[in-house]
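Participant: Requesting a structural model of the entry that follows:
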Amino acid sequence: MKVYAVGGAVRDELLGLPVTDRDYVVVGSTPEEMVRLGYKPVGKDFPVFLHPRTHEEYALARTERKVARGYKGFQVYAAPDVTLEQDLERRDLTINAMARDEAGRLVDPFGGAADLERGLLRHVSPAFAEDPVRILRVARFAARFGFAVAPATMALMRSMVASGEADALVPERVWQEFSRGLMEGDPGLMFSVLAECGLLDKVLPELKLEFMHMRPANDGARILVRALECAAAERLGLAPRFAIVASGAGSVEATRAVSERLKAPGDCRDLALLAARHAETIQRAAALRAPDLLALLEHCDALRRPERFEELLALTECLERGERGSGKTPYLPRVLLRRALGAATGVDAGKIAAQGANADIAAQVRRARIAAIEALG
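Facilitator: This is a model prediction of the structure:
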C-alpha cells in the first residue's frame, strides 16, 4: 500500500500558492483494508475514505471507462493492480495530473510541471473528450491562472461541442463550474475560452457575445469583460458578478431565462432581475427628482434590504465602467442613492404613526421621506 498526494495541492505548491485542501490516492489497497486501518468510507460512485484523524480524503487508485453519454456514464474500476500512472491518466489536465510520494518526490508522468512553467492548459489524454464538464473546467482554470489553452486541447474541445457531446451537460454541473469561474481573478477569460470552443453560444445564447482570437469582438463582449474586471477589482461577491452577466441579456425575460437555464440560486437570480429592471434608472439618478428617487428605492426594496441594494449599486457601477471604460472618480449615482437611502431611513415612521390618529400614515411617511431627500439639496 502506497499513498500519494495528488491534484490541486501538488499544482498549487509548485506555483507557490497556499494549499487549503489535500487529496490522496492509495495504490495497492482494498476497501476492506482501508476500513480495517480505521478509514471511514464515504464514496458513492467509487471508493473514497476519510482519514481517521485528519479527515482528509483518500481514494483508491482507479480507472474509468466511458460506457454511456453524460457525466454519469462511466464504469469505474478500483483494485490493487491499478497503478498511480493509470489513475493520473484519467485526469483532465497535465497540471492536475501530478503526485508526490510520502518522501516528497514529484511524480509527473505527463509533463505537468513544464506546462505550469509555460502557463499552458493541456489535456492528459484523449479520454478528456469523455466528460464535457472538462471544457468548463479548462475555462475556469484559464480565469484563475491566466494560462493559455494548448491548441490541441482547444481543437478537442471544439470537436466535443460540434459532435454534441457537450449537449449532455446538466445545469447543476454547468453552474458549479461557471459560478466558480466567475469568482476567479480574471473571469472574462472564462468567456473567451468558452467562445473560442463554441460552447458559449449554447450556454448563454441570449448574450450574443463575440470574441476573436480570445479577445472581445463586439460591444457586448467588451462591456462584459470590462465590467467583470471591475467586479474582480472591487472583490464583489457571486450574486453581483452573476447579475452583471445575466442582466446583459437585454431584457427582464431574457435575464430570467439565463437564470433558469443555469439553475442559478435565488439570490443570484433576484439580483440579476433587479439589475435588468433598474440599472438604467440608477445610472441616471442625478436627473431624478426626490419622488422618483424614493420610488426607485422602493422598487428595489432598498429600505428593507439595504445590503442587497448596495450590491446592486456596486454592480451597476461596474456596468457603467464597462460601458465607458475604467474611471477613478466616485460613481455619482452610488453616492446620490446612498445619501437618499440614508435620508429616507432616517424618517421615524413610528413617531409619525403615533401622531397620525386616523390619517393615512403610509402617505405621511412617504411625504416625510420625500422631504428628507429634497433637503439633501
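Participant: Dump stretch 244-256 to PDB, restricted to CA.
Facilitator: Extracted in PDB, the C-alpha atoms of stretch 244-256 (Å, rounded to 0.1, in the frame of the first residue of the first chain):
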ATOM      1  CA  ILE A 244     -23.500  41.600 -14.400                       C
ATOM      2  CA  VAL A 245     -23.600  38.700 -16.800                       C
ATOM      3  CA  ALA A 246     -27.300  37.800 -16.800                       C
ATOM      4  CA  SER A 247     -28.600  41.400 -16.900                       C
ATOM      5  CA  GLY A 248     -26.700  41.800 -20.200                       C
ATOM      6  CA  ALA A 249     -29.200  39.500 -21.800                       C
ATOM      7  CA  GLY A 250     -31.100  42.600 -22.900                       C
ATOM      8  CA  SER A 251     -34.500  42.200 -21.200                       C
ATOM      9  CA  VAL A 252     -36.000  41.000 -17.900                       C
ATOM     10  CA  GLU A 253     -37.400  38.000 -19.700                       C
ATOM     11  CA  ALA A 254     -34.000  37.100 -21.200                       C
ATOM     12  CA  THR A 255     -32.300  37.600 -17.800                       C
ATOM     13  CA  ARG A 256     -34.800  35.200 -16.200                       C
END
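Participant: can you tell me the helix or strand for the nearest residue to residue 211 once chain neighbours are set aside?
Facilitator: Of all residues not flanking residue 211 in the chain, residue 195 sits nearest, at 3.9 Å (CB to CB, 6 or more residues apart in numbering). Quick note: C-beta positions are derived from backbone N, CA and C, even for glycine. Residue 195 belongs to helix 187-197 when assigned by DSSP states H and E.
Participant: for the record, mean pLDDT for the next helix or strand after that helix?
Facilitator: Scanning forward in sequence from helix 187-197 by DSSP H and E, the next helix or strand is helix 200-203. In this model, helix 200-203 has a mean pLDDT of 94.
Participant: name the helices or strands packed onto helix 200-203?
Facilitator: helix 187-197 (3 or more CB pairs under 8 Å, 6 or more residues apart in numbering; DSSP states H and E).
Participant: Quick check: closest non-adjacent residue to residue 263.
Facilitator: Nearest one to residue 263, counting by CB to CB, 6+ apart, is residue 171 at 4.1 Å.
Participant: Any idea how many residues pack against the one you found?
Facilitator: For residue 171, the neighbour count with other CB atoms under 10 Å is 14.
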